[in-house]
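> For reference, the sequence and a predicted model appear below.
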Amino acid sequence: MTDQLNADQVTPDQVFEQMPSYFQPDKAGNTNAVINFDLGGANAGKYWIKIADATATSGKGEGENPNLTLLADANDFVNMIFGKADPTALFMQGKLKIKGDMGLALKFQSMFKRPS
């Protein structure tokens, strides 16, 4: 997710590899959570982000004991991360499903800077 890439060229693997570098600990406060992402469609896969002790780590597969699971099409997810798709609109259209802590889902986007 460098300045030369745009949302159309980025895979979920690349997004999750870079997510910790976009983490904003000051926005996370005392959040300690595991968020799973179940992405379908082209570039489908499962990923996780763990937020604990003012740091974020991420990986492929499923995180243990998630507080939140987000389900979406992989392309919609990448577009959401890059600000090209509105998470509220995706949710209202049934393209983004949330299982678990709705408050954490709402806070998630503010805890990470948008890639450039």
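Arrived safely, thanks for sending.

> helices and strands around the host helix or strand of Lys97, which ones?
Per DSSP states H and E, Lys97 falls inside strand 96-100. Under the contact criterion of 3 or more C-beta pairs under 8 Å, 6 or more residues apart in numbering; DSSP states H and E, strand 96-100 touches strand 68-73, helix 87-92. From N, CA and C alone the C-beta is placed, and that goes for glycine too.

> Name every strand pairing with the first one and say which way it goes.
What that stands for is strand 68-73. Strand 68-73 pairs in its sheet with strand 33-40 (parallel), strand 96-100 (antiparallel), by DSSP bridges.

> Among those, show me which one is buried the most.
strand 33-40 (a mean of 20; mean count of other C-beta atoms under 10 Å).

> So what touches that strand?
Contacts with strand 33-40, where a contact means C-beta atoms under 8 Å, 6 or more residues apart in numbering, come from 12, 16, 45-52, 62-74, 77, 101, 104, 108.

> Return the members of those residues classed as buried.
Buried members of the contacts of strand 33-40, counted by 16 or more other C-beta atoms under 10 Å: 12, 16, 47-51, 63, 66-70, 72-74, 77, 101, 104, 108.
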